[in-house]
Structures are given as C-alpha cells and as structure tokens.
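Colleague: Predicted coordinates and the sequence they were generated for:
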Amino acid sequence: MSIRTEKVASLLQRELSAIFEKELPRSGPLVTVTEVKITADLGIARVYVSIIGSEAQSAELMEFLYTETKALRKILSSKIRNQFRRIPELEFYEDRLFEQANRIEELLKSVRRGPAEEQL
C-alpha cells in the first residue's frame, strides 16, 4: 500500500468510527472499525467491522450497514469532502478475528488442562 492510500484508509477508519459512535443505537452490539483497505485508485474502501454481541445482533447490524451504505457514505462525505474530490464506495465486511482468537484461546486452555481434568 502506498503512503497516500494508508493515510486515506486511516482517515476513513477514524471518521467511520466516529460516525458509528454517534449514529448507531447505544443499546445495540459494540461495533469497532478494525481495518479499512482501499484500492489504489481510491475508488473502493473495504471496511472491516468487529461486532461484539449475539449472532442475531451481528446479522442485523451487517444488514443495516448493507442497506444504509449510501446514507453512511453521504454522512462521511459531509465530514471529509474538503479533503477528497471523490468519496470512495464503501463495502462492509464482518471481521471475525476476535471470535477466532477467543476460540483458539479456549482450545489452548483445554489442551493445557489435559483430558483428565476435562472429565471432572
């Protein structure tokens, strides 16, 4: 990634995090923008979000992000339009690294305990 795309990705990550903090309901799941990958032509931004909540809440939130992509892009545009001529298209993906890390940690704990302790 070039320095420019890294700077743009960092800016988008910060701004989208702020938008999510203000726009999403407080009673819902915890949402974190973990990474933004942007194409070399700055046309598409792939936004990876980590969602801490139930499976139903995660699915509901991802559906919300897919349906409200244009509205979120418009809000983003109002915040950073002075810095870009063209705001990239947004694509949202769920980042499950946190869940996978927890699963691996649980497996490692069960291996350390050994089979005799698990039966108790």
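Modeller: On my side now, so go ahead.

Colleague: In the sheet, which residues pair with the residue nearest the centre of the chain? Tell me.
Modeller: Most central in the chain under CA atoms, centre = their mean is Val49, positioned 1.2 Å from the mean C-alpha point. On DSSP bridges, the residues paired with Val49 through beta bridges are Val33, Glu94.

Colleague: which residues sit in contact with it?
Modeller: Contacts for Val49 were tallied using CB atoms under 8 Å, 6 or more residues apart in numbering; they are 20, 31-34, 61, 65, 92-95. (C-beta placed from N, C-alpha, C; glycine too.)

Colleague: Distance of it relative to Glu15?
Modeller: Separation of Val49 from Glu15 (CB to CB, to the nearest Å) stands at 14 Å.

Colleague: I'd like the distance between Arg4 and Phe84.
Modeller: 11 Å.

Colleague: Now for those two: what residues contact both?
Modeller: Listed as contacting both Arg4 and Phe84 by CB under 8 Å, 6+ apart are Leu42.

Colleague: pLDDT score for the residue nearest to the centre of the chain?
Modeller: With respect to pLDDT, Val49 scores 94.

Colleague: what does Leu120 give?
Modeller: For Leu120, the model assigns a pLDDT of 52.

Colleague: Please name the nearest non-neighbouring residue to Arg46.
Modeller: Lys37 (4.5 Å; CB to CB, 6 or more residues apart in numbering).

Colleague: Would you enumerate the residues in contact with that neighbour?
Modeller: 1, 9, 45-46, 48.

Colleague: Please indicate which of those are buried?
Modeller: Among the contacts of Lys37, those buried by neighbour count (16 or more other CB atoms under 10 Å) are 9, 45-46, 48.

Colleague: Surely Ile87 is within a helix?
Modeller: No. Under DSSP: H, G, I helix; E, B strand; the rest coil, Ile87 falls outside any helix and is assigned coil.

Colleague: Now it: closest residue in space that isn't a chain neighbour?
Modeller: Once flanking residues are discounted, Ile87 sits nearest to Ser77: 4.6 Å by CB to CB, 6+ apart.
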